[in-house]
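K.L.:
Build me a structure from this.
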Amino acid sequence: MVKIFYDWYITIFEGLYSSEGMYSTFSKYNDLFSTLLNNDIFKNIVAAIVSAGMGICLIYFLLDMSDKATAQNFTFEYIMRSFLKLCIAFFLMTHCMDLIKLMVEIGTGLAGNIQTENVGSDFFQNPDNVEAFKNGLTFISLKDGIGYAIKGLLPYVVIFLCNIITIFIAISRVVELTIRAVFAPIGVSDCFVDGSRSNGIRYLKKIAALALQFALMVMITVCIGLLMSAVVGEDSIAAMTDAFEAGFSMGNAFHGGPYFKKDQCIAFLDALFASEHYWTCLALAFTKIGLLIKSISVSNDIIGV
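P.N.:
Coordinates of the predicted model:
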């Protein structure tokens, strides 16, 4: 019976200890966004928006000049500063796609660097290990299988929900990045009020926050993995996978495919559910969901939006 729940246990293991799934999901949609930026139709739309943005920018410039025309501080220096702001706005509008690409690349690179510190294991990325684990579970008795299924139900639901939220955030992030990228030439056109705190700069900061969100999501996952390993023991992850490798068999006359021995499978499941820390681990999984949902607001705080 326990064999049919093998994917539960793999999902729980990777959800609790690994950031590989998080990184892969965001990388997939990041690649889609990069492909979209190079699409000819998208470029034509952006070119039309740039023209509109330049017109709006000139209006902002004239309004700023007329507003100060009767003021006592309307000097040649002020006129030159306004022209400089106009040049900066034009530069941002004509190069906004390059800036957005750079922001996304920086966020992706930072996420990749964080991912290298992954405390989890890519053990189950190997199909042979998955098959051996699935076959090894057939040796576990029905009674024990029911117990492990009951223990695994709630963690699996939490991790499954976490994975769904991750996909939703990844998709919504890319959609928002796309919309903001399309209208960026208009969004950055207002650079005449408050300097670095202007609406145009704030618009770019929002895009930077979205780019940083990728790295922040991976960081959240890595931190939760570190806390999990600290709760159940720093060597618990290696112990789980090392036990498997010690009990690997390519099969015999009674068992055609590769399998892990019963003792190794039981040791893995016992360590996975960390009986004495079960509720603490579950609380950390719920905490992960909450932090993922709040990730964009934290990213905004980091960038200073």
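K.L.:
in this structure, which spans are strands?
P.N.:
248-249, 259-260 (DSSP state E).
K.L.:
which stretch in the ones you listed has the least confidence?
P.N.:
When these are compared on mean pLDDT, strand 248-249 scores lowest, with a mean of 56.
K.L.:
show me where the stretch 151-300 of the chain has helices.
P.N.:
Along the stretch 151-300 of the chain, counting by DSSP state H, counting those that start in this stretch, helices occupy 184-187, 199-232, 236-246, 262-273, 278-293, 295-303.
K.L.:
hmm, who's touching the first one?
P.N.:
Yep, that's helix 184-187 we're talking about. Helix 184-187 is contacted from outside by 46, 49-50, 52-54, 56, 93, 96-97, 100, 180, 199-200, 203-204, 207, using CB atoms under 8 Å, 6 or more residues apart in numbering. Using the backbone N, CA and C atoms, a C-beta is placed for each residue, glycine as well.
K.L.:
go again using 7 Å as the cut-off
P.N.:
Contact partners of helix 184-187, identified using CB atoms under 7 Å, 6 or more residues apart in numbering, comprise 46, 49-50, 52-53, 56, 93, 96, 100, 180, 200, 203.
K.L.:
Using CSV, list the CA coordinates for it.
P.N.:
Output of helix 184-187 as CSV, limited to C-alpha atoms (Å, rounded to 0.1, in the frame of the first residue of the first chain):
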residue,chain,number,x,y,z
ALA,A,184,7.7,51.6,-19.0
PRO,A,185,8.4,54.4,-21.5
ILE,A,186,5.3,56.2,-20.1
GLY,A,187,5.9,55.1,-16.5
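K.L.:
picking that back up, out of the helices of the stretch 151-300 of the chain, which is the most enclosed?
P.N.:
Of all the helices of the stretch 151-300 of the chain, helix 184-187 has the most neighbours on average by mean count of other CB atoms under 10 Å, namely a mean of 24.
K.L.:
re the thing from before, any idea which of the helices of the stretch 151-300 of the chain gets closest to residue 172?
P.N.:
Proximity to residue 172 (CB to CB) singles out helix 295-303 among these, at 9.0 Å.
K.L.:
average pLDDT across the closest one?
P.N.:
Computed over helix 295-303, the mean pLDDT rounds to 90.
K.L.:
quick one: that helix to chain centroid distance?
P.N.:
Centroid separation for helix 295-303 versus its chain: 13 Å, with CA atoms, centre = their mean, to the nearest Å.
K.L.:
relative to helix 199-232, how tilted is it?
P.N.:
120 degrees (axes from the mean of the first three to the mean of the last three CA atoms, to 10 degrees).
K.L.:
which other helices and strands contact helix 295-303?
P.N.:
Using 3 or more CB pairs under 7 Å, 6 or more residues apart in numbering; DSSP states H and E, the elements in contact with helix 295-303 are helix 199-232.
K.L.:
and the helix it packs on with helix 278-293, angle?
P.N.:
Orientation of helix 199-232 against helix 278-293 (the same axes, to 10 degrees) gives an angle of 170 degrees.
K.L.:
other SSEs contacting helix 199-232?
P.N.:
helix 6-17, helix 20-37, helix 96-115, helix 142-182, helix 278-293, helix 295-303.
K.L.:
so which of those comes closest to residue 264?
P.N.:
Nearest of the helices and strands packed on helix 199-232 to residue 264, taken as CB to CB: helix 6-17 at 13.0 Å.
K.L.:
For the closest one, buried residues please.
P.N.:
In terms of neighbour count (16 or more other CB atoms under 10 Å), helix 6-17 has its buried residues at 6, 8-17.
K.L.:
Likewise for stretch 162-170?
P.N.:
By neighbour count with 16+ other CB under 10 Å, stretch 162-170 contains the buried residues 162-163, 166, 169-170.
K.L.:
Equivalent analysis for stretch 25-42, please.
P.N.:
For stretch 25-42, using 16+ other CB under 10 Å, the buried residues are 25-27, 29-30, 33, 37, 42.
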